[in-house]
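Participant: how does the following fold in three dimensions:
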Amino acid sequence: MQQTMRKYVDKILSLPYLSKKTVFLADIVCVTVIFTISYSMCYSLASRTVYLRPFAIRLALCTILSGIFFFLFSTYRGVLRYSSFRDSMRIFLSLLCANIVFLAITLYVFSDFLFSTILIFLNFILGFTLIVFGRMLVRLSFDYVKRINVSKKNMPLLIFGTKSTQISLAIMIRDNKYLPYSIAGFISSELRNMSQKIMNYPIYSKKEFFSNAALFQHVRALLIVSEELEPADKPLLLEKCAQYNIELLSAPSLDDWKTGKNKARKIDKVRIEDLLGRAPIHTDIESIGNSLKDKTILITGAAGSIGSEIVLQLCQFDVKMLLLCDVAETPLHQLNLELQDNYPNVKTQSLIADVRNYDRMKSIFEQYQPQYIYHAAAYKHVPLMEQQPSEAVFANVLGTKNVADLAIKHQAECFVMISTDKAVNPSNVMGASKRIAEIYIQYLVHHRVAKENKPSIRFITTRFGNVLGSNGSVIPLFTKQIEAGGPVTVTHPEIYRFFMTISEACNLVLEASNLGKGGEIFSFDMGESVKIKDMAESMIRLSGLKPYKDIDIIYTGLRPGEKLYEELLYDDKEKILPTRHEKIMISVLTECNYERIIPLLFRLLEMASYSDRMEIVKLMKEIVPEFISQNSIYTSIDDETKTKKRIFA
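Facilitator: Model prediction:
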């Protein structure tokens, strides 16, 4: 019986939409029938004889005028089963205009004011009522059939929030027969009368939601819009959903739907990125767009996780050309295919090039004359660079130097370097190499640009924490380990890191290029640091499993060069200045002794080609005295330095 019922329900819901021509003709037929009824009623009440010729003239005139105004107000374009108040207003206005014109013509031709007025008023009221009632009847019938289809919608769903985004999502879920969710109600953080309803669904207070255990017995899923969640609510939601085995779902914000950022516009399981305990960063898109309009822009490391996101965000602006530079052929080709599919109107040029090769980069600058450079090319994996410091020097120091020197030579407008929080009090080769690159950029700002009297180029540095979902981040690693049944490996139970999403990181890069006047190191208010152990536990719970029971977490020990806490600022050497953006600060460093450091930097570049790694790291420590190795073979250099200091003290 249930299968038969489902079969009929599916047939009804899959009925094709009526064509616009059919709806238009149906409305004309309704107008004709209603006018005939109105005419008969008026003549019957007035005890008058109906003559065919005047009736036919008035009927034809009413039908023609109604058809004209139906066409002008597009009353026939709406789908009947989704008729709305706006559709009713179109019908009202079209019939009102048609009947007013009809009355004017009738009075001019027949000169019977009272009778004609009553006739046309009655015709208008009955016509509007019949046509709108017909549409509402169709819509209510389809809505009723959808509610009957309970066998498919067997997962009661609560929606967290009562704003327009959540209401739009509720309508979409209710009307989509392929989604298995039935709406159980809304959760509101606002103080309101909880006896109220939205779309005839109950509203629960946030306090009631977090404290009422009985409510969870009847709910199987919870839908959130992560951008609209308060940071304090996120861990509580995760805890409750894990406790009661409720599926936690996420949907894109209404802004993302409008701008097309999320083309799939789909409901999906919550990711760890959606539960970061802080509000996301927002940038002045219009101002950034104005500064980049008609510019040729070079992105180094364009095929990497940060570089490719910068490229995608730049595609929303009216740029002249995007130069996509990377040494990795396959990822660059894949990025190029994605741009061709999604942004066919944006002019791009893919360039296989290595930033360490000065001559190759020089040919790119000579041919394309880029005005903005976003320098994302770098080696960033701490353990690998610890083993091969020469490669860290070549990629992160020499590569930055090559691109920055060429930017000056070819009179670019802006150079944005992407640095890392690991450059602050570095404990590894990778962080130290990025700090040396920062020093060189600062040297260009304070000395070379001023001395060479070149047109002002803005050199800007941005420091990032860890980026969720980037190549080599912990998220893909933990995901793979959970899918394999565990265990999840964490280096230390007390290790903390700052995190942001790739989108946020790249928003900051673009905002920096817009805010910076030159010479700044921008730092981002990233909120509280996250304990990696807690993140691993949250990811296990999001997978519907229990930490230490279904999936174990084991500790493997700190890797070479790794420290427990990352820093965004030098405590003693840096002070903070605000910007017009509340989440972005300027780090003002005490100026270095460039006369001593720059010759050492050039010597480091020479040594990287032939010296052993101990000698390379020793010179890096001389350039960056705060570089203290941790969990590394290079700690012996620090011990040797301490011994010398004690001897000569």
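Participant: Phe210: neighbouring residues, count only.
Facilitator: 14 (other CB atoms under 10 Å). Where C-beta positions appear, they are placed from N, C-alpha and C, glycine not excepted.
Participant: helix or strand for it, which one?
Facilitator: helix 206-211 (DSSP states H and E).
Participant: swap in Leu298?
Facilitator: Going by DSSP H and E, Leu298 is in strand 296-300.
Participant: same deal with Tyr374?
Facilitator: strand 372-375.
Participant: now the following helix or strand past that strand: buried residues?
Facilitator: Sequence-wise, the next helix or strand downstream of strand 372-375 (DSSP H and E) is helix 382-387. The neighbour-count check on helix 382-387 (16 or more other CB atoms under 10 Å) flags Val382, Leu384, Met385, Glu386 as buried.
Participant: what's the helix or strand where Thr129 lies packed up against?
Facilitator: Using DSSP H and E, Thr129 falls within helix 113-148. Packing partners of helix 113-148 (3 or more CB pairs under 8 Å, 6 or more residues apart in numbering; DSSP states H and E): helix 2-13, helix 20-45, helix 85-110.
Participant: and the strands in the stretch 301-450 of the chain?
Facilitator: Assigned by DSSP state E, counting those that start in this stretch, the stretch 301-450 of the chain shows strands spanning 321-326, 348-352, 372-375, 414-420.
Participant: which of those sits most buried?
Facilitator: Of the strands of the stretch 301-450 of the chain, the one with the most neighbours on average (mean count of other CB atoms under 10 Å) is strand 372-375, at a mean of 27.
Participant: ok, and what's touching it?
Facilitator: Strand 372-375 is contacted from outside by 292, 295-301, 307, 310, 355, 400, 403-404, 407, 412-418, 509, 513, using CB atoms under 8 Å, 6 or more residues apart in numbering.
Participant: what about Tyr555, distance to Glu562?
Facilitator: 13 Å (CB to CB, to the nearest Å).
Participant: how much space separates Ile352 from Gln369?
Facilitator: 20 Å.
Participant: list the residues that contact both of Tyr555 and Glu562?
Facilitator: Thr491.
Participant: how close does Val429 get to Arg435?
Facilitator: With CB to CB as the criterion, Val429 and Arg435 are 11 Å apart.
Participant: and Leu103, how many neighbours?
Facilitator: Leu103 has 18 nearby residues by other CB under 10 Å.
Participant: ok, back up a step: so which of the helices and strands packed on helix 113-148 comes closest to Met585?
Facilitator: For these, the distance to Met585 is smallest for helix 85-110, at 47.0 Å, taking CB to CB.
Participant: just checking, what packs against that closest one?
Facilitator: helix 52-73, helix 113-148.
Participant: okay, the angle between the last one and helix 20-45?
Facilitator: This points to helix 113-148. 130 degrees (axes from the mean of the first three to the mean of the last three CA atoms, to 10 degrees).
Participant: I'd like the average pLDDT over helix 113-148.
Facilitator: Helix 113-148 shows an average pLDDT of 82 in the prediction.
Participant: next SSE downstream of that helix?
Facilitator: Assigned by DSSP H and E, the successor of helix 113-148 is strand 155-160.
Participant: re the thing from before, tell me which of Val429 and Arg435 has more neighbours.
Facilitator: Neighbours were counted for Val429 and for Arg435 using other CB under 10 Å; Val429 has more, 32 against 25.
Participant: name the residues of stretch 80-95 that are buried.
Facilitator: Neighbour-count burial for stretch 80-95 [16+ other CB under 10 Å]: Leu80, Arg81, Ser83, Asp87, Ser88, Arg90, Ile91, Phe92, Ser94, Leu95.
Participant: check whether the last one really touches Ser66, as I assumed.
Facilitator: What it means is Leu95. Yes: with contacts counted by CB atoms under 8 Å, Leu95 reaches Ser66, the gap being 6.9 Å.
Participant: what touches both of these two?
Facilitator: Taking CB under 8 Å, 6+ apart as the contact rule, Leu95 and Ser66 both touch Gly127.
Participant: which residue ranges make up the domains of this structure?
Facilitator: 2-148, 155-270, 289-468+502-526+572-611+619-623 (automatic domain parsing).
Participant: please identify the deepest-packed of those domains.
Facilitator: domain 289-468+502-526+572-611+619-623 (a mean of 19).
Participant: so where do the strands sit in the stretch 151-300 of the chain?
Facilitator: Using DSSP E, counting those that start in this stretch, strands in the stretch 151-300 of the chain cover 155-160, 181-188, 197-198, 201-205, 221-224, 247-250, 268-269, 296-300.
Participant: got CSV for the ones you listed, with distance to Lys21 and mean pLDDT too?
Facilitator: Formatted as CSV, those follow (distance: least, CB to CB, whole Å; pLDDT from 0 to 100):
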stretch, distance to Lys21, mean pLDDT
strand 155-160, 38, 82
strand 181-188, 35, 82
strand 197-198, 37, 78
strand 201-205, 37, 81
strand 221-224, 39, 81
strand 247-250, 41, 78
strand 268-269, 39, 64
strand 296-300, 50, 95
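Participant: closest to Pro344 out of those strands?
Facilitator: strand 296-300 (18.1 Å).
Participant: okay, now the sheet partners of that closest one, with direction.
Facilitator: strand 321-326 (parallel), strand 372-375 (parallel) (DSSP bridges).
Participant: would JSON lines of those strands with distance to Phe498 and mean pLDDT be doable?
Facilitator: Shown next, in JSON lines, are the strands paired with strand 296-300 (distance: least, CB to CB, whole Å; pLDDT from 0 to 100):
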{"stretch": "strand 321-326", "distance to Phe498": "26", "mean pLDDT": "94"}
{"stretch": "strand 372-375", "distance to Phe498": "21", "mean pLDDT": "95"}
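Participant: so for Ile246, which of those strands sits nearest?
Facilitator: It's strand 372-375; of those, that one is closest to Ile246 (CB to CB) at 41.9 Å.
Participant: and that closest one, C-alpha only, in CSV?
Facilitator: Extracted in CSV, the C-alpha atoms of strand 372-375 (Å, rounded to 0.1, in the frame of the first residue of the first chain):
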residue,chain,number,x,y,z
TYR,A,372,51.0,43.8,-9.2
ILE,A,373,53.0,40.8,-8.0
TYR,A,374,51.6,38.3,-5.4
HIS,A,375,54.6,36.2,-4.4
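Participant: thought Glu165 was touching Phe186?
Facilitator: Rather than Glu, residue 165 is Thr. No: taking contacts as CB under 8 Å, Thr165 lies outside contact range of Phe186: 11.7 Å.
Participant: need the next SSE after the one helix or strand Ile540 maps to, C-terminal direction.
Facilitator: Assigned by DSSP H and E, Ile540 falls within helix 532-542. Using DSSP H and E, the helix or strand that follows helix 532-542 in sequence is strand 553-555.
Participant: and Ser363, which of the strands of the stretch 301-450 of the chain is closest to it?
Facilitator: Nearest of the strands of the stretch 301-450 of the chain (CB to CB): strand 348-352, 9.6 Å.
Participant: for that closest one, packing partners?
Facilitator: strand 321-326, helix 329-342.
Participant: so which of those comes closest to Ile105?
Facilitator: helix 329-342 (54.8 Å).
Participant: now for that closest one, which elements pack on it?
Facilitator: helix 305-314, strand 321-326, strand 348-352.
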